[in-house]
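In: Sharing a model prediction with you, sequence too.
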Amino acid sequence: MNDKMNKKNSQPLSLRVPEPSGRPGDTPDFSHLQMDPAGVVERPEVGSTPYQMRDLAFRLIRVLDDEGAAVGPWNPRLDPETMRRGLKAMILTRAFDDRMHRAHRQGKTSFYMKCTGEEAIAVAQGMILSREDMGFPTYRQQGLLIARGYPLVAMMNQIYSNAEDPIKGRQLPIMYSAKDYGFFTISGNLGTQVPQAVGWAMASAYKGDDKIAISWIGDGATAEGDFHNALTFASVYRAPVILNVVNNQWAISSFQGIAGGLETTFASKAIGYGLPALRVDGNDFLAVWAATQWAEERARSNQGATVIELFTYRGAPHSTSDDPSRYRPGDEHEKWPLGDPIERLRQHLTVIGEWDDERHAAALKDAVEKVRAAGKESEAIGTLGQSRPSVKTMFEEVYATEDWRLIEQRREVGV
Amino acid sequence: MSEQTTFTDADRNDGVEPDMVDQNAAPASEATGAGVVSMNMIQALNSAIDVKMAEDANVLSFGEDAGYFGGVFRVTDKLQQKHGLTRSFDAPISECGIVAAAIGMGAYGLRPVVEIQFADYIYPAYDQIVSEAAKMRYRSGGQFTSPITVRSPYGGGIFGGQTHSQSPESLFTHIAGLKVVIPSNPYDAKGLLTAAIEDDDPVVFFEPKRLYNGPFDGWHEKPVSPWKAQDLAQVPTGKYVEPIGKARVMREGNDVTILAYGTMVWVALAGAEHAGVDAEVIDLRSLVPLDIEAIEASVKKTGRCVIVHEAPKTSGFGGELSALVQERCFYSLEAPIARVTGWDTPYPHAFEWEYFPGPQRVADALKSVMTGGR
């Protein structure tokens, strides 16, 4: 016994720190990705138990194949007009991003975040759910507002913190808040809003209403405790909520393996909580649509929450403060094997004879013009520092009514 | 209602520390019907939630052990049995999840009242309270609000060791957007909790657990009379509201003002008696918003100020009170402001009565400000 206690372990241990498959200067390598061809993953009944469908957490639901055909059991069989609306909303979202990114470079705002490559997610999901439902977005779901026709000028006013900023110059640009459009106020603290979405959904169920909630979180932020708290509450109380994990491969400079993505898929995190999981090609508008509809039907029929991992790639920098060439191969985005969501839906519509190059060019031109017109209108009100809401509003809405401290401090500022 | 909700007397005291159960307690109030009965603070708090739940279907209550069992301190006792499983229920051991879910519910239009079993466990929920609930109205330009009440037993004097005794109020008073309320007696507990539930802003409501079953004057070796002997334990069974932001003068005096809240109100009263000083004792009742007018009027009258709280001294709320009194009453002050507080150590188990500010320390401070004049 004593001998055994004194014996040393035979080998020294070593610490593993995961590294991505490529760094700047390397050739992009996506050979490790688990991807199914389009159309091969089964579509379970909405009432299936998580146990029956757990393989789906490790597969990849895809509808659009490489030739642009919509195939397999997940094909949502959308009418061409709906698809055209989706395509135009994605084009508009990208045009908006491009202009606002340039506006930052021109010093018109302090900050901007593009969603390049991820447009299908917010646009499709924003089109499926009602404005009565509540979205708990991250800063990369601007497509939701755009797909729902929220005024571009109001978005820009928020970005410029100008006199017409709907949230009165209080938030970082892109942290929109639009209750009437089913868009919850965005927090800069990652993950915090996922359990709030669950609470919101619990409230709807408690009231016997018919509204559901939908939330988004990035792959990186799934490491936050809030994500796991949310899954526990969603499962325990069978909350009518759709819990999206947008796996865009990069959390600023940390690849998704740092959040645990090398060990398993993000969708599979749902399994341990007894929740159904779908892993979906996030660059495939039709796959996103179909999976969301599945989860929506499950939530609306009081069968509870679904976790959806949307597998995509963040093509642009994390934000205007980020330079991705410092941590990943420069051409990694172009080599992304699941392509570009706009090009893929365009190809599909073209293949079925509902779109052509001429219409595409017209849609691009129209989007740029819409954004330009909104830009002119917003910039006339003012860009950052040129105009802003009354300083008086700085002291308002801290509480429902001002207390003596705020009144005294406001007077000290002279407003 | 499911058979799960069957509740027996045998369940009642299970798991509750013997010294926390007042065998002489009056029966809990009914949600309906008028009248005034003697209640301890637990019953008064229970009555507040009960009455609000009966009145407003948007009010619901949940937390760890808060449903079927009614909370380890029994504050939510029988609410599930009365109002149903979906209105008063148990939550996972996830303080962050509890508060986050409440925030989502509040944004929906409900008025959730959540229990954090001990204030020492509020830290996992800190981000949700501070970054989310507190900022919701402001950051959304008024589009979303967070009308939630976070209840939590706090403070020492029950031999709870360092994880069942802390007073974290100053961590919340520093946060714009939060209200912080701390009652010191059954009457205020019910009236203020009712106000908190009806408040459109998030309220952190700390319940001094040393006072749950009876007043406590800090003389731990001497017997203390039960709540029912106190006027402030005569509690209406129906609804009433005590406005948040109004202090209560507990003892009128002319020579020195003592500012206190929670358990320390009773320690301050005992300390004033012990010192034989004509002290005015003010129970702040809410730290945010603060009744600055009451403080100012009293200190200008007495010319001296002693501040008493259980929390550690450094960056405690006493520092803020001291600064406010100095800013507003400097020319009325006859002596430096004194603070009687917990020590800047973690809360110790074996040294509870050395840590816990008692009447002797209050009396010493009173004597020092009375003799330390200019």
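Out: Good, I have the coordinates.
In: Averaged pLDDT, the strand or helix carrying A:H104. What do you get?
Out: Secondary structure here is read from DSSP states H and E; on that basis A:H104 sits in helix A:80-105. On average, the pLDDT along helix A:80-105 is 98.
In: So A:V371 versus chain B, what's the distance?
Out: Using C-beta to the nearest C-beta, to the nearest Å, one gets 24 Å for the distance from A:V371 to chain B. (Glycine included, C-beta is placed from N, CA and C.)
In: A helix includes that residue, no?
Out: Yes. With DSSP: H, G, I helix; E, B strand; the rest coil as the criterion, A:V371 is assigned to a helix.
In: Give me the three-state assignment for the residue of chain A found nearest chain B.
Out: Distances from chain A to chain B, computed as C-beta to the nearest C-beta, single out A:G199 as the nearest residue at 2.5 Å. State at A:G199, reduced to three classes by three-state DSSP: helix.
In: Burial check on it, number of neighbours?
Out: Residues lying near A:G199 (other C-beta atoms under 10 Å in any protein chain shown) number 33.
In: Next: B:R111.
Out: The number of residues packed near B:R111 is 23, by other C-beta under 10 Å.
In: pLDDT below threshold where in the chain?
Out: Here I'm looking at chain A. By pLDDT under 70, the low-scoring segments of chain A are A:1-6.
In: should've been chain B
Out: In the prediction, chain B carries residues with pLDDT under 70 at positions B:1-34, B:373-374.
In: which is the next helix or strand following the top strand by length along it?
Out: When every strand of chain B is counted residue by residue (DSSP state E), the longest turns out to be strand B:305-312. Later in the chain than strand B:305-312, the nearest helix or strand by DSSP H and E is helix B:317-329.
In: Which parts of the stretch 201-350 of chain B are helices?
Out: Taking DSSP state H, counting those that start in this stretch to define them, one finds helices in the stretch 201-350 of chain B at B:263-275, B:292-302, B:317-329.
In: wait, what's in contact with the closest residue to chain A within chain B?
Out: Proximity of chain B to chain A (C-beta to the nearest C-beta) peaks at B:G104, 2.5 Å away. Neighbouring residues of B:G104 by C-beta atoms under 8 Å, 6 or more residues apart in numbering or on different chains: A:P195, A:Q196, A:A197, A:V198, A:G199, A:W200, A:A201, A:M202, A:A203, A:A213.
In: Quick check: phi and psi at the nearest residue to the first one once chain neighbours are set aside.
Out: Read it as A:P195. When the adjacent residues along the chain are set aside, A:P195 lies closest to B:A100, with 3.4 Å between them (C-beta to C-beta, 6 or more residues apart in numbering or on different chains). B:A100 has phi and psi values of phi -60, psi -40 when expressed as degrees, to the nearest 10.
In: so B:V114 makes contact with B:S152?
Out: No. With contact taken as C-beta atoms under 8 Å, B:V114 and B:S152 are classed as non-touching, separated by 9.0 Å.
In: picking up where we left off before, return the most buried member of the helices of the stretch 201-350 of chain B.
Out: Among the helices of the stretch 201-350 of chain B, judged by mean count of other C-beta atoms under 10 Å in any protein chain shown, the one packed with the most neighbours on average is helix B:263-275 (a mean of 26).
In: And the contacts of it?
Out: Under the criterion C-beta under 8 Å, 6+ apart, residues B:155, B:157, B:184-185, B:208, B:210-211, B:215-219, B:250-251, B:253, B:258, B:260, B:279, B:281, B:283, B:306, B:308-310, B:340, B:357-363, B:365-367 lie in contact with helix B:263-275.
In: Can you flag which of the residues you listed belong to strands?
Out: Per DSSP E, strands hold the following members of these: B:208, B:250-251, B:258, B:260, B:279, B:281, B:283, B:306, B:308-310, B:340.
In: Relative to B:V265, how far out is the residue lying closest to B:G372 once chain neighbours are set aside?
Out: Here the nearest residue to B:G372 in space, its sequence neighbours aside, is B:A335; by C-beta to C-beta, 6+ apart that works out to 4.7 Å. Counting by C-beta to C-beta, to the nearest Å, the separation of B:A335 from B:V265 is 22 Å.
In: next one: A:R84
Out: Where B:V265 is concerned, A:R84 sits at a distance of 69 Å (C-beta to C-beta).
In: Next: A:P18.
Out: For A:P18, the distance to B:V265 (C-beta to C-beta) stands at 56 Å.
In: now do A:A203
Out: 37 Å.
In: ok, now A:S10?
Out: As for A:S10, its distance to B:V265 is 65 Å (criterion: C-beta to C-beta).
In: for B:P147, same thing?
Out: Using C-beta to C-beta, B:P147 is found at 28 Å from B:V265.
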